[in-house]
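Peer 1: Could you look at this predicted model? Sequence included:
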Amino acid sequence: MMGLYLMPLTGNPGTAGDIEDVWRPRLSEARAAYQMAISQFRVANQDLQRSGVGNSDRTSVIRRAILAETRARAEYLRLLQLFTDRALNSLHADN
């Protein structure tokens, strides 16, 4: 996973543009990693279906692909929640 510097959720939250500038690349990277994991899962699943059930090596590949997809989705959703919280704090501070 990528190294991540998280802006604190306390203090001056910055402008909406500042928040977007900081978080857009992070969210884009996490979303791309999630989409890649989905693609890899689909390929692994198609390979398993073509080869038939029972091959433990292929089953292991699909399990790893599912785990990678689950982790990538969790990271993307985590970052999305942090961004949303940060953006809402900024909007609240502007009022």
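Peer 2: Sure thing, it's come through. Residues are numbered from 1 along each chain as shown.

Peer 1: How about the contacts made by the spatially most central residue of the chain?
Peer 2: Nearest to the geometric centre of the chain sits Y76, at 2.1 Å (Cα atoms, centre = their mean). Counting by Cβ atoms under 8 Å, 6 or more residues apart in numbering, Y76 touches 27, 30-31, 33-34. C-beta here means a position set from N, CA and C on the backbone, and glycine is covered the same way.

Peer 1: Now do the buried residues in the strand or helix carrying it.
Peer 2: Here Y76 sits within helix 56-94, counting by DSSP states H and E. Neighbour-count burial for helix 56-94 flags 58, 61-62, 65, 68-69, 72, 75-76, 79, 82-83, 86, 89-90 (criterion: 16 or more other Cβ atoms under 10 Å).

Peer 1: Please apply the same query to stretch 26-33.
Peer 2: For stretch 26-33, by 16+ other Cβ under 10 Å, it's 26, 29-30, 33.
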